[in-house]
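> With the sequence up front, the predicted model follows.
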Amino acid sequence: MQNSYSDYSAHYSIDAHDMPMPEDYGRFRRHAEFRRFSLLARLLDTGRPMSVLDAGCGNGWLSEILASRGHRVSALDIGGDSLKRAKARLESRDTSVSFCSGDIYSLPFPDSFFDAAVASEIIEHLDRPDDAIKELARVVRPGGHVLITTPYRETIEYTLCIHCNKKTPVNAHLHSFDREKIESLATAAGLTADRFDVFMSRPMERLGLSGFTGFLPFGVWRMIDRIACAVFGKESFLALKAVKGE
């Protein structure tokens, strides 16, 4: 019998006190994460406020950025303690985001409830990513969007667990995705690919591109990153924006 996401997360989850908030990151990690989340927020923008589900919200930073752009955000995660910390942080910053605990395989929302749903760096951790994407599609209205991001063409590495003496995936990443695989899962969920992006040059980020260019406008960083990705061909992430059929 396959483990559920809940079981898997319970075994590999990060303790709430170890879940870093944005302020806990070092300079280069902080700028890289901010660039990544800003790109996702721009991919979702339609020129009007939307109701958005941030599934697997973690420390709530993406939710915060989406809310700052005028969207009505519901942030969901399976870790109750990390949700409390994220909620307290955003309340202290007067940012309105609705937080709730839940399983991505069984979202606690009715059909067609949101204008859009985002799952950022989630599906690579799941034993059944296809079912998770179908559930995301279920809660989005016809004509709405599902935005999925994940590491791009990642080589899955394993280590030997000192507790169970079994091979354990590093970072709890179970799957590697490319354009064909992610689009196939989206199609099976009743979604049509609307936009596909690969971003964040791995060699340049190792050199600290986001940190060194943190003072520059987003568009300048994105142009440099696009050029680097074209030259080196080693992108770190992919993003698929798909639309639900009417």
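That came through fine.
> Tell me the helices and strands packed up against the helix ranked longest in the chain.
Secondary structure of the chain per DSSP state H: the longest helix is helix 27-44. Applying 3 or more C-beta pairs under 8 Å, 6 or more residues apart in numbering; DSSP states H and E, one finds that helix 27-44 contacts helix 61-68, strand 114-120, strand 140-151, strand 191-201, helix 209-212, helix 218-232, strand 235-244. C-beta coordinates here come from the backbone N, C-alpha and C atoms, glycine included.
> Let me have these in TSV, extended by mean neighbour count, distance to residue 133 and mean pLDDT.
What follows is these, written out as TSV (neighbours: other C-beta atoms under 10 Å; distance: least, C-beta to C-beta, whole Å; pLDDT from 0 to 100):
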stretch	mean neighbour count	distance to residue 133	mean pLDDT
helix 61-68	23	18	96
strand 114-120	25	8	97
strand 140-151	21	7	97
strand 191-201	17	8	96
helix 209-212	19	28	94
helix 218-232	15	25	96
strand 235-244	22	9	97
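> which stretch among the ones you listed comes nearest residue 39?
Counting by C-beta to C-beta, residue 39 lies closest to strand 191-201 out of those; the figure is 6.2 Å.
> shaky segments in this protein?
Counting by pLDDT under 70, the low-confidence segments of the chain come to 1-18, 169.
> tell me the SS of the residue sitting furthest away from the middle of it?
Relative to the centre of the chain, and counting by C-alpha atoms, centre = their mean, the farthest-placed residue is residue 165 at 30.3 Å. Using DSSP: H, G, I helix; E, B strand; the rest coil as the criterion, the local structure at residue 165 reads coil.
> which residues touch residue 235?
Contacts for residue 235 were tallied using C-beta atoms under 8 Å, 6 or more residues apart in numbering; they are 152, 153, 198, 199, 200, 201, 202, 229.
> partners of it in the sheet?
residue 201 (DSSP bridges).
> and the gap between residue 151 and residue 202?
To residue 202, residue 151 is 10 Å away according to C-beta to C-beta, to the nearest Å.
> Centre-most residue in the chain?
Among the residues of the chain, residue 120 comes closest to the average C-alpha position under C-alpha atoms, centre = their mean, at 0.7 Å.
> What residues sit buried inside the helix or strand harbouring residue 85?
Element membership of residue 85 [criterion: DSSP states H and E] is helix 80-92. When neighbours are counted by 16 or more other C-beta atoms under 10 Å, the buried residues of helix 80-92 are found to be 82, 83, 85, 86, 87, 89, 90.
> From residue 99, how far out is the first one?
This means residue 82. Shown here: residue 82 relative to residue 99, a distance of 10 Å by C-beta to C-beta.
> quick revisit: can you pull the contacts of the residue lying closest to the residue nearest to the centre of the chain once chain neighbours are set aside?
The spatially closest residue to residue 120, leaving aside those adjacent along the chain, is residue 149, at 4.7 Å (C-beta to C-beta, 6 or more residues apart in numbering). When contacts are counted by C-beta under 8 Å, 6+ apart, residue 149 touches 36, 40, 118, 119, 120, 121, 237, 238, 239, 240.
> and if we set it to 6 Å?
For residue 149, the set of contacting residues under the criterion of C-beta atoms under 6 Å, 6 or more residues apart in numbering consists of 120, 237, 239.
> same deal with residue 97?
By C-beta under 6 Å, 6+ apart, the contact set of residue 97 is 63, 67, 73, 75, 90.
> and of those residues, the nearest to residue 141?
Taking C-beta to C-beta as the measure, residue 141 sits nearest to residue 73 out of these, at 16.0 Å.
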